[in-house]
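>>> the sequence isn't on hand, but the structure is:
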Ligand SMILES: Nc1ncnc2c1ncn2[C@@H]1O[C@H](COP(=O)(O)OS(=O)(=O)O)[C@@H](OP(=O)(O)O)[C@H]1O
């Protein structure tokens with residue numbers, strides 16, 4: 001098959017619109033009914049984040065914790081976005097008359113490497129919705145990713161008392177990371193100029209809405225739903241092994257010190273940046289010439305983007321929106 005996905009995806013840039021009070025794009029709302037009816041299982045693990053908060057990092061850690069010993073070929077052969085499906089993503093499929101980004105990617109790669117040899121039947125026919133991928137995951141537990149604000153999470157996750165890992169990242173670095181992501185990913189709205197983006201972020205005009213509402217909403221939920229482990233990107237940077245320990249306690253996993261150390265070493269930024277099954281380089285919607293998915297992986301990169309005036313505006317606005325003293329984010333370490 002001689003499709004060139006890079007050529008055919010250029011018109012995929014979506015518009016933001018208000019969806020139940022949250023800025024969204026159709027890629028994450030088109031499958032709404034099916035996603036809301038998703039049947040979670042009690043042992044499913046949901047990885048919830050505002051975009052660019054460290055989802056991929058924590059997904060890779062969980063995948064290694066659960067399957068690193070029993071199924072190591074998984075990490076070497078299956079991209080992270082298939083091992084840990086993105087529940088709400090929905091790209092129209094080829095047979096519905098549209099050109100599907102994910103289907104295109106799969107068709108393209110079927111001719112590039114022996115996909116069919118992998119013992120996962122879910123790869124044929126090509127999936128086009130994260131929910132379908134999640135339904136077909138052959139593993140236990142199923143690791144599932146979402147960027148939904150807490151009020152959008154399908155009710156079966158609550159009913160089944162699923163364990164949820166929420167990863168949060170300080171707003172300044174989160175904004176910068178999101179900006180570069182929107183520049184390089186054609187299924188995101190255009191990023192535009194930095195100054196305009198900065199103001200849009202403060203107003204919550206981002207896909208998946210306001211960072212402030214997201215982190216606060218999930219923080220509040222933690223008060224009445226005990227199966228949420230709320231963790232911070234900055235803590236992961238500071239001491240990955242310690243955070244893996246906390247994850248193991250939350251998940252009830254006993255793993256040897258040696259194994260945890262090995263996992264921690266294997267998921268450091270430079271390693272993940274080079275790892276094709278974790279760095280999204282196999283997904284044609286992203287143009288790494290503009291910005292790589294694994295971009296900097298640092299705390300404090302905002303200082304290279306924020307002007308002094310922007311920083312003042314940001315801090316003033318932050319005080320008004322982040323009133324809960326129990327939720328604190330470091331912006332440098
Ligand atoms: N191992 C490791 N160490 C440190 N930092 C890491 C790591 N893996 C991913 N990252 C950084 O996380 C940012 C991407 O966030 P997400 O994975 O949440 O993105 S997404 O929402 O799933 O698209 C993005 O941040 P920025 O570099 O600041 O853009 C990634 O580089």
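Noted; the coordinates are in hand. Predicted model only: the values in this text are computed from it and were never measured.

>>> who are the contact partners of the closest residue to residue 295 other than its chain neighbours?
Distances taken as C-beta to C-beta, 6 or more residues apart in numbering put residue 180 closest to residue 295, at 5.6 Å, once the chain neighbours are dropped. In this view, the C-beta of every residue, glycine as well, is placed from N, C-alpha and C. Contacts for residue 180 (C-beta atoms under 8 Å, 6 or more residues apart in numbering) come out as 191, 290, 291, 295.

>>> same deal with residue 58?
Residues near residue 58 by C-beta under 8 Å, 6+ apart: 47, 49, 165, 167, 231, 236, 247.

>>> ok, residue 229 next?
163, 164, 165, 166, 246, 247, 250.

>>> what subset of those residues is buried?
Neighbour counting with 16 or more other C-beta atoms under 10 Å marks 163, 164, 165, 166, 247, 250 as buried within the contacts of residue 229.

>>> closest to residue 31 among those?
residue 164 (20.5 Å; C-beta to C-beta).

>>> name the SS class of that closest one, please.
Assigned with DSSP: H, G, I helix; E, B strand; the rest coil, residue 164 falls in the strand class.

>>> cool, the one 3 residues further on as well?
Assigned by three-state DSSP, the conformation of residue 167 is strand.

>>> what about it, how many residues close to it?
Residue 167 has 24 neighbours, counted by other C-beta atoms under 10 Å.

>>> wait, it touches residue 228, no?
No: using C-beta atoms under 8 Å, residue 167 makes no contact with residue 228, being 11.2 Å away.

>>> sitting in strands, which of the contacts of residue 180 do you find?
Using DSSP state E, the subset of these located in strands is empty.

>>> which two from these end up farthest apart in space?
Comparing every pair within the contacts of residue 180 by C-beta to C-beta identifies 191 and 295 as the most remote, at 13.3 Å.

>>> from the contacts of residue 58, which are also near the ligand?
Restricting these to those touching the ligand (C-beta under 6 Å from any ligand atom) yields residue 49.

>>> which bits of the stretch 151-300 of the chain sit near the ligand?
173, 177, 180, 181, 267, 268, 269, 272, 294, 295, 296, 297.

>>> now the contacts of residue 180: which count as buried?
Buried subset of the contacts of residue 180 (neighbour count, 16+ other C-beta under 10 Å): 191, 291, 295.

>>> show me where the stretch 101-250 of the chain has its strands.
Assigned by DSSP state E, counting those that start in this stretch, the strands in the stretch 101-250 of the chain fall at 143-146, 163-168, 228-232.

>>> what does the first one contact?
This means strand 143-146. 44-49, 55, 59, 62-63, 66, 81, 83-88, 130, 134, 153.

>>> quick one: is it near the ligand?
No: judged by C-beta under 6 Å from any ligand atom, strand 143-146 and the ligand are separated, with a smallest distance of 7.0 Å.

>>> and that strand, how far from the chain's centre?
In terms of C-alpha atoms, centre = their mean, to the nearest Å, the centre of strand 143-146 is found 8 Å from the chain centre.

>>> equivalent analysis for the last one, please.
Between the centre of strand 228-232 and the centre of its chain there are 15 Å (C-alpha atoms, centre = their mean).

>>> quick one: strands adjacent to it?
Using DSSP bridges, the strands paired with strand 228-232 in its sheet are strand 163-168 (parallel).

>>> mean confidence for the strand it pairs with?
Strand 163-168 carries an average pLDDT of 98.

>>> repeat for stretch 185-205
97.

>>> what about it, start to end distance?
In stretch 185-205, first residue to last residue: 17 Å (C-alpha to C-alpha, to the nearest Å).

>>> list the buried ones in it?
Buried residues in stretch 185-205 (16+ other C-beta under 10 Å): 185-189, 191, 197-198, 200-202, 204-205.

>>> and for stretch 75-93?
Those would be 75, 77-93, for stretch 75-93 by 16+ other C-beta under 10 Å.

>>> and for stretch 25-45?
Buried residues in stretch 25-45 (16+ other C-beta under 10 Å): 25-32, 35, 38, 40, 44-45.

>>> what about it, near the ligand?
No: applying C-beta under 6 Å from any ligand atom, one finds stretch 25-45 out of contact with the ligand, separated by at least 11.8 Å.

>>> end-to-end on that stretch?
25 Å.

>>> that one: how far from the chain's middle?
The answer for stretch 25-45 is 15 Å, by C-alpha atoms, centre = their mean.
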